Each structure stands twice: as C-alpha cells, then as structure tokens.
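Asks: Need the 3D shape of this:
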Amino acid sequence: MGDSVSMHAPYESSGLMGTLRGKVGMWLFLISDALTFGALLAAYGAMRMGDPSWPVPGKILDIPLTALNTFILICSSVTMVKALSAVRRGDIKGLQKFLLGTIAGGAIFLGIQAYEWTHLLTHGGLSPRKDLFSATFFAITGFHGFHVTCGVIYLLAILAQSFRGVYTAQSNERVEIAGLYWHFVDLVWILVFTFVYLI
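Replies: Numbering: from 1, shown residues only. The predicted structure is shown next:
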C-alpha cells in the first residue's frame, strides 16, 4: 500500500505542476499580448486625436456587419464555456459538439473579416499605404485576425485530441487553458470594435 502511494505520488505531483505551469504560462502570454494590443490601441487613439482630417469610421466601415461579426464571436465564447462544462461532466460528445461550434464561430468571423477587407480594398478606397487611418485599421484588425486564426488551429488540435480519448472529467486542463486564450481573443475584439469602429 505504502509502495503504491509512493509510486503514484510523483506522477500526481508532476501532473499538478504541469497544469500549474500551463496556466501560468498562458496567463503570462496573455498579459504580454494585452500590453501589445493596448499599445496598438493607444497609438491609434493618439494619431486620431492629432489628425483633424481623420475620417469618421462609421462613414467608411460597415458597422452593422461588424456588429454581427462581434455577436458571432461572443457566441463562440459561450460555446467554449459549454465545451469546458461538458468535459468536466465527462460528456466528451458534448465537448466535441461545443468545440465544433466554437471553431465554426471563429471561422465565420474570419470569413466575414476577409469579406470586409476585400470590400474595403477594392470598393472602399482603403489601402495600408494610403493614410494613417488605413494603416492602423489594417494593422489592428489584422493582428487580431491572426490571433483568431491561431485560436481556431489551437481548438482544432484540442478537438482532435478529444477523439483520441485524451480528455476526461478528471483530466481536462488543456481545454481550460485553450478557453482562456479564446476568451481573451473575444474580449480584445470587443475593445477593438469599440475603439476603431464605434468611437
């Protein structure tokens, strides 16, 4: 009995420390990323205030379409919460279903953003080289779009692992860590939408 406990204790300790390291690592990454987004938005605000000819975003950008896209991304955050809740109950089918919903939401968001970019470049008269508004708009939304793309790939990897039986009600920390990243991406977009599109 004693031997059994001593044999399993290092494994359990390693698993706990691995989970802790994973969460701390993700939080450190998100904090550094938040500072990057904060710097981009601060630079956008400073340039906007310093340029009296800065265009009104609502006259150039499709606010209703982007509002719909924002709603889709928020819904994908809800399905991510449900995915984590499902796996914690041991409902692997539920985990897979809600992960697919989250991935679909991210993919739709990217599709709409690609349509918006194409329209602005071909019919909206915007170009990253045209003026500061165009340059900052494409830089900020493109940087965020890159994060969403990485998130979709990340969740696809989690989904693939779920089909191999990696996750259980007792072992699902990677799903939680992926959820932290996805919620961060959603929160950042709400800030981008507010500062770049609405204000």
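Asks: In three-state terms, label Arg129 for me.
Replies: coil (DSSP: H, G, I helix; E, B strand; the rest coil).
Asks: That one: what's it in contact with?
Replies: Shown in contact with Arg129 (C-beta atoms under 8 Å, 6 or more residues apart in numbering): Ala135. C-beta: built from backbone N, CA, C; applies to glycine.
Asks: how near is it to Phe138?
Replies: To Phe138, Arg129 is 10 Å away according to C-beta to C-beta, to the nearest Å.
Asks: One more: Ala169?
Replies: For Ala169, the distance to Phe138 (C-beta to C-beta) stands at 44 Å.
Asks: Alpha carbons only: can I get stretch 44-57 in CSV?
Replies: Provided in CSV are the C-alpha atoms of stretch 44-57 (Å, rounded to 0.1, in the frame of the first residue of the first chain):
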residue,chain,number,x,y,z
TYR,A,44,-4.4,54.6,-32.8
GLY,A,45,-6.0,57.0,-30.3
ALA,A,46,-3.0,59.3,-30.2
MET,A,47,-2.8,59.5,-34.0
ARG,A,48,-6.6,60.0,-34.3
MET,A,49,-6.6,62.9,-31.8
GLY,A,50,-3.6,64.5,-33.5
ASP,A,51,-5.1,64.4,-37.0
PRO,A,52,-8.0,66.8,-37.6
SER,A,53,-8.7,65.2,-41.0
TRP,A,54,-9.1,61.7,-39.5
PRO,A,55,-12.2,60.2,-41.2
VAL,A,56,-15.3,59.2,-39.3
PRO,A,57,-15.2,55.3,-39.2
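Asks: for stretch 127-141, which positions count as buried?
Replies: By 16 or more other C-beta atoms under 10 Å, the buried positions in stretch 127-141 come out as 133-138, 140-141.
Asks: what is the mean pLDDT for stretch 80-96?
Replies: Stretch 80-96 shows a mean pLDDT of 97 in the predicted model.
Asks: In that stretch, which residues are buried?
Replies: Buried residues in stretch 80-96 (16+ other C-beta under 10 Å): 80, 82-84, 86-88, 91-92, 95-96.
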